[in-house]
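Trainee: Show me how the following folds:
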Amino acid sequence: MKVTKAQKIGQKVDPQSLGFGKVFSDHMYLQSFKEGSWQEGEIVPYQNLPLDPAAAVYHYAQCLFEGQKAYWGVDQKIRLFRPDFHSNRMEAGAARMCMPFPGQEQMHEALSELVLIDSDWIPRQKGCSLYLRPTLFASEPFLGVRPAKEYIYMIIASPVGAYYAEGFNPVRIWVEPHYSRSAPGGLGSVKAGANYAMSLMASDSAKKRGYSQVLWLDPLDKDRIEEVGTMNVFFRFKDHVATPALNGSILNGATRDCVLHLLKKWNIRSEERVVRVSEIKAAQKQGDLLEVFGTGTAAVISSVGTLGFEDQEMKIGDGSTGELSKKLFNAITSIQYGESEDSFGWTKILR
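Mentor: Model (predicted):
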């Protein structure tokens, strides 16, 4: 692929003050789809994109993205985490959104080349990484409800620290009784930009109440639990761990998949099934609910210390980060940073 190096190198940021998604590396990957085929991709300096005001993405939200990370290992090697999982999911999402996909091999090549060119942007400290955002969107200028005929595929990179301001400390979560994130037959299983736009009002309201994020319920009876914020969610009971089963409105998360593999390896009984608010309340009252935690690429494992309802607050365990949450976080991050053997083949070493 063609590579045009940036003439001006950006100012690196102290890893302790990185935050999430606020700083971007020097380069980006760009590729266009026109006249029925993908054009040659190229790596260029990070820049604004010239888009026609009638570009379909502005009007009909035909947009899809992925989120994955590159890590600087303790052995000084650069690792991509779960690249195959992410390319598989993006290809499936593109099909659901009626968009062409450049191909998994092309996605891997572009990601790898971009990470190597901007390797100086990968933070060396544990707890930090280079967040990668492959994005596919409709660029054809037209007004009319149909799949576009022109698209742009791009990848940008951002050095990041902890996703939540609380770091690995337990977060407070509001159980949302009114708004819904997705519905059966919709886009809940796809990383479509529209999904996240739908979540903003409820999330903003929760933060004004003093909570970090929202626990999403099904749109019908408001009892079946789906996700927490932008993450999958797990519940540890005394005798097993449960997570909502993938039902078409829940995203198949890479970290969710990691957790299920690790629980099986550790001989901890796990279930993918319907989990109800009424069950959670009863289990907490009886002392059978030990932990609640979210899983996602951005935060890896996020322990929940409190669930807030309209009529009450419910403390999870003793309100601190749970034993299993810590064990899962340590197991996954030790693989990501090359501290332990990757027996699952989750990482791809670039250099």
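
Trainee: and the residue nearest the centre of the chain, what does it touch?
Mentor: The chain has Thr297 as the residue nearest its centroid, 4.5 Å off, counting by Cα atoms, centre = their mean. With contacts defined as Cβ atoms under 8 Å, 6 or more residues apart in numbering, the neighbours of Thr297 are Gly67, Gln68, Lys69, Phe81, Tyr131, Gly253, Ala254, Thr255. In short, each C-beta sits where N, CA and C put it, glycine included.

Trainee: for Asp84, same thing?
Mentor: Gln104.

Trainee: mind exporting the host helix or strand of it as CSV, just the C-alpha atoms?
Mentor: For Asp84, the host element (DSSP states H and E) is helix 83-96. C-alpha atoms of helix 83-96 as CSV (Å, rounded to 0.1, in the frame of the first residue of the first chain):
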residue,chain,number,x,y,z
PRO,A,83,-7.6,-9.4,15.4
ASP,A,84,-9.4,-12.3,13.8
PHE,A,85,-12.4,-11.9,16.1
HIS,A,86,-12.7,-8.2,15.2
SER,A,87,-12.4,-8.7,11.5
ASN,A,88,-15.0,-11.5,11.5
ARG,A,89,-17.4,-9.3,13.4
MET,A,90,-16.8,-6.3,11.2
GLU,A,91,-17.4,-8.4,8.1
ALA,A,92,-20.7,-9.7,9.5
GLY,A,93,-21.7,-6.1,10.6
ALA,A,94,-21.0,-4.7,7.1
ALA,A,95,-23.3,-7.3,5.6
ARG,A,96,-26.1,-6.4,8.0
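
Trainee: residues of it that come out buried?
Mentor: Pro83, Phe85, His86, Ser87, Arg89, Met90, Gly93, Ala94 (16 or more other Cβ atoms under 10 Å).

Trainee: excluding its backbone neighbours, what's nearest the fourth one?
Mentor: Of all residues beyond its chain neighbours, the one nearest Ser87 is Gln104 (4.1 Å), with distances taken as Cβ to Cβ, 6 or more residues apart in numbering.

Trainee: now Lys22: how far from His178?
Mentor: 31 Å (Cβ to Cβ, to the nearest Å).
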